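> Quick one, what's the 3D model for this:
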Amino acid sequence: MDFLQHVFSLPRSQKRILSVFIDSVFLLLAFWCALLVRLDDTSVLGNSAYWSVILPVLPLSLFVFAKLGLYRAVLRYMGLQALVAIIIGVVVSTIALISVAFYAEANLPRTVPVIFAAFALVFVGGTRAIVRSFVGTGMKRVGEPVIIYGAGVSGRQLLTSLMQSHEYHPFAFVDDDISLQGNVIQGVHVHSPSIIKKLIKQKPVNKVLLAIPSATRAKRQEILARLEPLSVQVLTIPAMSDLVNGTKLYSDIKEVEIDDLLGRDSVEPRQDLLAANIKAKVVMVTGAGGSIGSELCRQILKQQPSKLVLFELSEFALYAIDRELNATANELGLSVEIIPMMGSVQRENRVQAVMESFGVQTVYHAAAYKHVPLVEHNVVEGVRNNVFGTLYTVQAAIAAKVETFVLVSTDKAVRPTNVMGTTKRMAELVLQAFARENNQTRFCMVRFGNVLGSSGSVVPLFRNQIANGGPVTVTHPEITRFFMTIPEASQLVIQAGAMGKGGDVFVLDMGKSVKIVDLAKKMIRLSGYEVRSDKNPEGDIAIEFSGLRPGEKLYEELLIGDDVTGTEHERIMTANELYLPWSEYSNILNRLDVACHEFDHEAIRDILLSTPTGFAPTDGICDLVYQQKAKNSTAAKKVINLVS
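Next comes the predicted model:
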């Protein structure tokens, strides 16, 4: 073993010289063994005629092996190509042996070349196969033992990649395919998933590597559900698309994507709807650097608009998405002009100037403050950005004669219990009001729930808490949320926008709601830990309930009423909901504007309550400035009372 390790550690040039020398010995041995088998006479070893036959054949054979690339193949990863090279080389060597013997009149028995070819294949090819197998089963015993789930092409590629490192030792394969079970791949046995618990205890194993990049999300969820109770860390290889385009390697294993736990198999998007408002048009995305805005930009870029205007308040976020999109455009060979524009949607003249200067035809309005507790603590800014920012962007779009305006809304706008949800519902009312005015712009809004991996998602918070050893904090044991992947949500937003006729409230089919505490438990178990609880006090990570935050609801809804109809897309519905005409709604917004300007939080609360948004707050006014002023006022009164 130590000798082989030393050989494999030699420089590549030295290993090639060693291979040539060994093959020379093998070919000589094959020739003399063939003669001995045929003639059964050791005196032939001293026959100069036979030496004159094999010596010219030897360099010719080695030359053919070299030309066929046999000495460029890495022995421990030798595959079909090397085997073909050996067979062709031996055939050429045998033909050369027959030719030299004929012209040298060496009186070589006719069966000797056939026997020589058999021995040469065994010596040159067989020994390589034995060493390769020995290396695969014997040398790779270092590193942490792991089980590879999936013994297909991806699993075998992952095994080969892991053989190059000392981090992991592939202990076993498991695969659902019955035809693969019982096989041995590079010394690693393939087992049925039904005995995976036994395999984990046998070693013991703390990690399972998923090597099923092309499996449907439903299939992956089924597998994860099977692995979850075992409390082993589940890692996965990159998606097939990343492997194919070369951006990722099989060895780039990572934590299981939360999409596999919660997401669904997305419906194939309709290309006609994706391209309708984008292809060869000037498209603008507000909030282009945010979670939804940035993904919208990525999806829009693929549809090849003539220009893509990125409107963003955050300088760093704008820099990051602009750089990413330009790199993508260059990589894909797209001739899309990407225009990074800094600005706030609260400055109507800036928004209008940008739209008019570049001739914007389609707007996706994703700019908003979406974090519920932060908006509760900063009410005026939440109202200014979400309500008036939408109003000013809508008015700018009308003035700039934008063709289509799509608002990205939220399920928190339905019967809201917080300021954020209320402001998003009021933003919807802005579009509904202007949709019924006489203008050239077609307005619609798309409402959906939480997206996986967004800046406000619980998923990255849970990951950090698990990595730090816990506890994992959940606000309430009964809290549930809808989840959707960001790419799916963005594609559906674009498709819904293409279906709008004017004033439409589109609602995305979010699937089933998810209990957050169940999500936390799944993430803990699939990270290789056990949940600590009263029933399991020896567990690794506890779940603590911190209580609902200001304005937070236990359950989210997507519809205000029951008046919902389907559309031509199976995951997009349209809701018919209450709206206010602009003549009436404008008076409400004027009063709200004055209240915000004067920081009159009581008036803001009264206006939000009186507007038909369904606002039903669960907390008092939580604005931090308002509360601090109240404290200061109380302290001042105490001082006055003491003085008097």
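> domains for this protein, by residue range?
2-137, 141-256, 274-449+485-508+557-610 (automatic domain parsing).
> Buried deepest among those, which one?
For the domains of the chain, ranked by mean neighbour count under the definition mean count of other Cβ atoms under 10 Å, the leader is domain 274-449+485-508+557-610 at a mean of 20. Heads up, the C-betas are built off the backbone N, CA and C, glycines and all.
> Compute the first-to-last residue distance for that one.
Separation of the first and last residues of domain 274-449+485-508+557-610 by Cα to Cα, to the nearest Å is 39 Å.
> what's the neighbour count on Gln271?
Burial of Gln271 is recorded as 11 neighbouring residues (other Cβ atoms under 10 Å).
> Go through this structure and flag its longest helix.
helix 12-39 (DSSP state H).
> helices or strands up against the next helix or strand after that helix?
Per DSSP states H and E, the first helix or strand lying C-terminal to helix 12-39 is helix 48-67. In this structure, helix 48-67 packs against helix 12-39, helix 80-104, with contacts taken as 3 or more Cβ pairs under 8 Å, 6 or more residues apart in numbering; DSSP states H and E.
> Go ahead and report the secondary structure state at Arg591.
On the three-state scheme (DSSP: H, G, I helix; E, B strand; the rest coil), Arg591 is labelled helix.
> Next up, the contacts around the residue lying closest to it once chain neighbours are set aside.
What sits nearest to Arg591 in space, not counting adjacent residues and going by Cβ to Cβ, 6 or more residues apart in numbering, is Ile607, at 5.8 Å. Applying Cβ atoms under 8 Å, 6 or more residues apart in numbering, we find Ile607 in contact with Ile588, Arg591, Leu592, Ala595.
> One more pass at 10 Å, please.
By Cβ atoms under 10 Å, 6 or more residues apart in numbering, Ile607 lies in contact with Val383, Met426, Ile588, Leu589, Arg591, Leu592, Asp593, Val594, Ala595, Cys596, Asp600, Phe615.
> From the chain's centre, how far out is whichever strand or helix holds it? Work that out for me.
According to DSSP H and E, Ile607 maps onto helix 601-610. For helix 601-610, the separation from the chain centroid amounts to 42 Å (computed by Cα atoms, centre = their mean, to the nearest Å).
> Quick check: next helix or strand after it?
Sequence-wise, the next helix or strand downstream of helix 601-610 (DSSP H and E) is helix 624-643.
> by how many degrees do that next one and helix 601-610 diverge?
Helix 624-643 runs at 140 degrees relative to helix 601-610, counting by axes from the mean of the first three to the mean of the last three Cα atoms, to 10 degrees.
> Cross-check the contact I'm expecting between Val205 and Val232.
Yes. Taking contacts as Cβ atoms under 10 Å, Val205 lies within contact range of Val232: 6.6 Å.
> Tabulate the helices and strands packed on helix 48-67 (TSV), appending mean pLDDT and distance to Pro145.
As requested, the helices and strands packed on helix 48-67 are exported to TSV (pLDDT from 0 to 100; distance: least, Cβ to Cβ, whole Å):
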stretch	mean pLDDT	distance to Pro145
helix 12-39	79	30
helix 80-104	81	29
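> Redo those as CSV? Include distance to Pro193.
Shown next, in CSV, are these (distance: least, Cβ to Cβ, whole Å):
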stretch, distance to Pro193
helix 12-39, 40
helix 80-104, 29
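> show me where the stretch 251-400 of the chain has strands.
Listed in chain order, the strands of the stretch 251-400 of the chain (DSSP state E, counting those that start in this stretch) span 254-255, 282-286, 307-312, 337-342, 362-365.
> of all these, which lies closest to Ser583?
Checking the strands of the stretch 251-400 of the chain against Ser583 by Cβ to Cβ gives strand 362-365 as the closest, at 23.1 Å.
> Which elements pack onto the closest one?
Other helices and strands packing on strand 362-365, by 3 or more Cβ pairs under 10 Å, 6 or more residues apart in numbering; DSSP states H and E, are strand 282-286, helix 291-302, strand 307-312, helix 348-358, helix 389-399, strand 404-408, strand 442-447, helix 486-499.
> thinking again about what came up before, right, and the domains of the chain - which one's nearest Lys629?
Comparison of the domains of the chain against Lys629 by Cβ to Cβ identifies domain 274-449+485-508+557-610 as nearest, at 8.6 Å.
> picking up where we left off before, what helices or strands is the longest helix of the chain leaning on?
Taking 3+ Cβ pairs under 10 Å, 6+ apart as the contact cut, helix 12-39 packs with helix 2-8, helix 48-67, helix 80-104, helix 112-120, helix 127-134.
> ok, now with 8 Å
If you count contacts as 3+ Cβ pairs under 8 Å, 6+ apart, helix 12-39 packs onto helix 2-8, helix 48-67, helix 112-120.
> Relative to Val100, which of the ones you listed is closest?
When those are compared by Cβ to Cβ, helix 48-67 sits nearest Val100, at 5.2 Å.
> what's the average pLDDT for that closest one?
In this model, helix 48-67 has a mean pLDDT of 81.
> go on, stretch 207-226?
Averaged across stretch 207-226, the pLDDT comes to 82.
> Give me the distance from that stretch to the chain's centre.
Its chain's C-alpha centre and that of stretch 207-226 lie 14 Å apart, by Cα atoms, centre = their mean.
> ok, now stretch 180-195?
28 Å.
> mind saving the C-alpha coords of that stretch as PDB?
Taking Å, rounded to 0.1, in the frame of the first residue of the first chain, the C-alpha atoms of stretch 180-195 are listed here in PDB:
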ATOM      1  CA  LEU A 180     -28.800  -1.400  -9.500                       C
ATOM      2  CA  GLN A 181     -29.100  -2.900  -6.100                       C
ATOM      3  CA  GLY A 182     -26.500  -5.500  -5.400                       C
ATOM      4  CA  ASN A 183     -24.000  -4.100  -7.800                       C
ATOM      5  CA  VAL A 184     -20.500  -3.100  -6.900                       C
ATOM      6  CA  ILE A 185     -19.200   0.200  -8.300                       C
ATOM      7  CA  GLN A 186     -15.500   0.800  -7.900                       C
ATOM      8  CA  GLY A 187     -15.600  -1.400  -4.800                       C
ATOM      9  CA  VAL A 188     -18.700   0.300  -3.300                       C
ATOM     10  CA  HIS A 189     -21.800  -1.800  -2.800                       C
ATOM     11  CA  VAL A 190     -25.300  -0.600  -3.900                       C
ATOM     12  CA  HIS A 191     -28.000  -1.200  -1.400                       C
ATOM     13  CA  SER A 192     -31.700  -0.700  -1.100                       C
ATOM     14  CA  PRO A 193     -32.900   2.500   0.700                       C
ATOM     15  CA  SER A 194     -34.900   0.300   3.100                       C
ATOM     16  CA  ILE A 195     -31.700  -0.700   4.900                       C
END
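> Fine, thanks again, bye for now.
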